[in-house]
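All I have is the shape, not the residue letters:
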């Protein structure tokens, strides 16, 4: 009977021991600590901030590049506009002479100095200087007077250092008046030397 009790005890004790041992071997799942999660979140947040800063820096650099390009373009356009204005002024400003005269007055000399500066700045420009007269006088006389006027302007420019080879003269006499009027105001406009680029 003792044996039965031992067997019975074994029957209950052994399974109980096996059960407790198997429970002890189960792995306990632990949740990650809050410190690990916070560090990972902070690292991700810092990486995102750095990425945003880099994007902002790139954007700012691109905006600066575009602004610099635009400034250069505006500068080039302004220079081009200034050059065109100077060229138009060179071509449109005539020098004027007194009646029956080919002498350059002070105003004509000052204007020719400006034209000489333009010619120095534009060394490829060759110029035809046209001599013109009013309608009074014979055709032959006015052609000769127009030639003296053109030559007078040319000589002044050569004295200012402009190459003689860049300057050509021609006389139109009274053939190409600016003003068709029959009065002193119209005649004064017609007594001129005009400048044409070749």
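Great, that's in hand. Model, not experiment: these values are computed from the prediction.

Can you tell me the centre-most residue of the chain?
residue 73 (1.6 Å; C-alpha atoms, centre = their mean).

can you tell me how far residue 106 sits from residue 61?
Remark: distance between residue 106 and residue 61 (C-beta to C-beta, to the nearest Å) = 56 Å. Any C-beta I mention is one placed from the backbone N, CA and C, and that applies to glycine too.

more crowded one of the two?
residue 61 (10 against 7; other C-beta atoms under 10 Å).

Mind pulling up the pLDDT for that one?
Predicted confidence (pLDDT) for residue 61: 91.

quick one: it is in a helix?
Yes - judged by DSSP: H, G, I helix; E, B strand; the rest coil, residue 61 forms part of a helix.

Buried residues, stretch 165-173. List them.
166, 167, 169, 171, 172, 173 (16 or more other C-beta atoms under 10 Å).

could you redo these as JSON lines and give each row secondary structure and distance to residue 134?
What follows is these, written out as JSON lines (DSSP: H, G, I helix; E, B strand; the rest coil; distance: C-beta to C-beta, whole Å):
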{"residue": "166", "secondary structure": "helix", "distance to residue 134": "29"}
{"residue": "167", "secondary structure": "strand", "distance to residue 134": "24"}
{"residue": "169", "secondary structure": "strand", "distance to residue 134": "19"}
{"residue": "171", "secondary structure": "strand", "distance to residue 134": "14"}
{"residue": "172", "secondary structure": "strand", "distance to residue 134": "12"}
{"residue": "173", "secondary structure": "strand", "distance to residue 134": "10"}
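
Between these, which sits nearest residue 122?
residue 166 (10.0 Å; C-beta to C-beta).

The closest residue to the closest one other than its chain neighbours: what's it in contact with?
Spatially, and ignoring its direct neighbours in sequence, residue 166 is nearest to residue 126 (4.8 Å; C-beta to C-beta, 6 or more residues apart in numbering). When contacts are counted by C-beta atoms under 8 Å, 6 or more residues apart in numbering, residue 126 is found next to 166, 167, 168, 197, 198.
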